[in-house]
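A.B. asks: fold the stuff below for me.
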Amino acid sequence: MEIGKLKDLFERHPRPANTDKIVVPKVNSEIWATLSARAKQRDAKALQVQRTIVHSTFCVLEAVNDVLELENEHIKEKVVKNLTDAVHMLGLTNYDLSLKRRHAMKFELSPDPMVASALCAPEVKVTEFLFGKDVAKTTSKAKSVADLKKSFGRPKNVQGGAYRYRRWQNEAPRPFYRKKQNQDRQERSKFQNFQKRDRK
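C.D. replies: You can find the predicted model right below:
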């Protein structure tokens, strides 16, 4: 459909009262400023689909109000239930599209994967903004968790073809390892001396 005709349909069905929660979420300004032109174009297309879903919801809600004025209670109850289910499904679809929009931007959000994952986590609820109301708080919390994991991490050290883990990077080998290494050297030396005597 042409944009002009679609706009006329939107204007024909404005937002009803008490529907502040039915919105097309905007990308937070601090995130929008960092996105590439390609990501912005892709999001604009998804945004148009969501806008159509939201105005379709408004149409259904108008129909609900019209049905409530009917005198036949049996028909009224049945039709209102069906229309209410339609509103519910449209709302779920709208929210699912919001999550897909977030996921499409995930790899452009931050070079730190922990921060990007935190911004796209289900715990961050979509409001009028796609990434919640407080991006700075979510980012700061994710960085704190990442730093904490690094401080408790145990680096790998390869010795003798096997992985051995040390609590700290500069930690010296444990005493019993050193003692065993010395015993191995002494036994090897004895065996080599024994071989030399046999040759003589």
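A.B. asks: ok, the residue lying closest to residue 26 once chain neighbours are set aside - contacts?
C.D. replies: Residue nearest to residue 26 in three dimensions, not counting chain neighbours: residue 129, with 5.8 Å by C-beta to C-beta, 6 or more residues apart in numbering. From N, CA and C alone the C-beta is placed, and that goes for glycine too. Counting by C-beta atoms under 8 Å, 6 or more residues apart in numbering, residue 129 touches 25-28.
A.B. asks: kindly recompute the last result at 7 Å.
C.D. replies: By C-beta atoms under 7 Å, 6 or more residues apart in numbering, residue 129 lies in contact with 25-26, 28.
A.B. asks: what of residue 141?
C.D. replies: Residue 141 neighbours (C-beta under 7 Å, 6+ apart): residue 118.
A.B. asks: gap between stretch 142-150 and the chain center?
C.D. replies: How far stretch 142-150 lies from its chain's middle: 17 Å, per C-alpha atoms, centre = their mean, to the nearest Å.
A.B. asks: cool, stretch 32-46 as well?
C.D. replies: Using C-alpha atoms, centre = their mean, the offset of stretch 32-46 from its chain centre is 17 Å.
A.B. asks: can you give me the buried ones in it?
C.D. replies: Neighbour counts over stretch 32-46 (16 or more other C-beta atoms under 10 Å) mark 35, 39, 43 as buried.
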